[in-house]
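S.K.: could you work out the structure for the sequence below:
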Amino acid sequence: MSHSTFCEIQAGRIAYSRRGTGRPLVLLHPIGVERSWWDEYVDHWAASYDVIAIDIRGHGESSFVTSPVTLADHAADVAAVLRKERVSGATLIGVSMGGMIAQRIAIQFPELAGALILCGTAGSFPDEVRPRILARGDMSRQGSMSEVIDDTIARWFAADTPRPDLVQKCRARLAADDWYSWSANWQAISLLDNLAELPAVSAPALVVAGDADASIPPALSQKIADALPASRFVVIPGAAHFGAFDMREIFATVFDDFLSGLAQ
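M.R.: Okay, the predicted model is just below:
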């Protein structure tokens, strides 16, 4: 894990790291993991970009979540970091929950979001799916993360993942997570409802889906691309939910193609 800087917020602190020079990239991880999941990307991008990787509240070295939280709250946390670092017009790159938060930042703080890369994520959910998402945690009791690890790994990785090392890393990370933070963040995800607001977001956007994603079907991701006025939609064959990490070379090529187009 790279050197940590901290931004004080009302609910505690947000941990992040900043490396490289160039146009700013802000990296937002999925639920349950933390910013070290971006390390291979940071190594790849730091020569060309100013890369800020953030631990979303309830994750990594950021404060635990101690009361109900919303995706809008997470967006405000990220905005606090970017204001502290005097960054605006960044390219926000989010996977899963990170992509949901990136959408909120673009809606709530348009000056901070110069472009979006939204990967393995949704803009809303069918109402019948929401209770199932909420049930992935339970804020009313002190559960054990061991209850959810196997199901979570099965949703996030293909059985024949090219990176079994990341499955092990993920198991260890989930086992160490805080149950209330996990549960509160699933509640936030279960309330996801950005689609009506996305047509007002003018930033160029790349929406990337994996066609083997068991968590978020590509059709849900496509709805984001359809709602955003300046978007491109790409489906990666064979990619599971964590494809951005376990098929990094393929995803990085798609991301880099979009990023180089922004420079024109």
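S.K.: hang on, isn't residue 156 packed against residue 173?
M.R.: No - distance between residue 156 and residue 173: 11.3 Å, which falls outside the contact criterion (Cβ atoms under 8 Å). C-beta: built from backbone N, CA, C; applies to glycine.
S.K.: so between the two, which is more surrounded?
M.R.: Per other Cβ atoms under 10 Å, whichever of residue 156 and residue 173 has more neighbours is residue 156, with 27 against 19.
S.K.: low-confidence regions, the stretch 1-150 of the chain specifically.
M.R.: Applying pLDDT under 70 to the stretch 1-150 of the chain flags residues 1-2.
S.K.: which stretches in it count as strands?
M.R.: Assigned by DSSP state E, counting those that start in this stretch, the stretch 1-150 of the chain shows strands spanning 5-9, 12-19, 23-28, 49-54, 90-95, 113-119.
S.K.: just say helix, strand or coil for residue 196.
M.R.: helix (DSSP: H, G, I helix; E, B strand; the rest coil).
S.K.: gap between it and residue 124?
M.R.: The gap separating residue 196 from residue 124 is 8 Å, by Cβ to Cβ, to the nearest Å.
S.K.: which one's more surrounded, these two?
M.R.: residue 124 (19 against 11).
S.K.: leaving out the residues flanking it, which one is nearest to the more buried one?
M.R.: residue 195 (4.6 Å; Cβ to Cβ, 6 or more residues apart in numbering).
S.K.: okay, residue 263: pLDDT?
M.R.: pLDDT, residue 263: 71.
S.K.: and for the residue lying closest to it once chain neighbours are set aside, the neighbour number?
M.R.: Closest residue in space to residue 263, ignoring its immediate chain neighbours: residue 23 at 7.5 Å, by Cβ to Cβ, 6+ apart. Neighbourhood size, residue 23 [other Cβ under 10 Å]: 16.
S.K.: cool, and residue 92?
M.R.: Neighbour tally, residue 92, other Cβ under 10 Å: 30.
S.K.: check contacts around the residue nearest to residue 263.
M.R.: Going by Cβ atoms under 8 Å, 6 or more residues apart in numbering, residue 23 touches 49, 50, 90, 91, 114, 262, 263.
S.K.: going by neighbour count, which of those residues are buried?
M.R.: Among the contacts of residue 23, those classed as buried by 16 or more other Cβ atoms under 10 Å are 49, 50, 90, 91, 114.
S.K.: number of residues surrounding residue 119?
M.R.: 33.
S.K.: now stretch 4-11: buried residues?
M.R.: For stretch 4-11, using 16+ other Cβ under 10 Å, the buried residues are 5, 6, 7, 9, 11.
S.K.: list the contacts of the helix or strand that contains residue 261.
M.R.: Using DSSP states H and E, the element containing residue 261 is helix 248-262. Defining contact as Cβ under 8 Å, 6+ apart, one finds that helix 248-262 is touched by 23, 25, 40-41, 44, 49, 91, 93, 114-115, 117, 119, 204, 206, 208, 232, 234, 236, 239, 243-244.
S.K.: tell me which residues in it are buried?
M.R.: Those would be 248, 250, 251, 252, 254, 255, 258, 259, for helix 248-262 by 16+ other Cβ under 10 Å.
S.K.: now do that helix against strand 23-28, angle only.
M.R.: Going by axes from the mean of the first three to the mean of the last three Cα atoms, to 10 degrees, helix 248-262 is angled at 140 degrees with respect to strand 23-28.
S.K.: only C-alpha atoms, please: export helix 248-262 in CSV.
M.R.: Backbone C-alpha positions of helix 248-262 (Å, rounded to 0.1, in the frame of the first residue of the first chain) are rendered in CSV as follows:
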residue,chain,number,x,y,z
ARG,A,248,-6.2,-5.9,-16.2
GLU,A,249,-4.2,-5.9,-19.4
ILE,A,250,-7.4,-6.1,-21.5
PHE,A,251,-9.3,-3.5,-19.5
ALA,A,252,-6.3,-1.1,-19.4
THR,A,253,-6.1,-1.1,-23.2
VAL,A,254,-9.8,-0.1,-23.3
PHE,A,255,-9.3,2.5,-20.6
ASP,A,256,-6.1,3.9,-22.2
ASP,A,257,-7.8,4.2,-25.6
PHE,A,258,-10.5,6.4,-24.0
LEU,A,259,-8.0,8.4,-22.0
SER,A,260,-5.9,9.2,-25.0
GLY,A,261,-9.0,10.3,-26.9
LEU,A,262,-9.6,12.9,-24.1
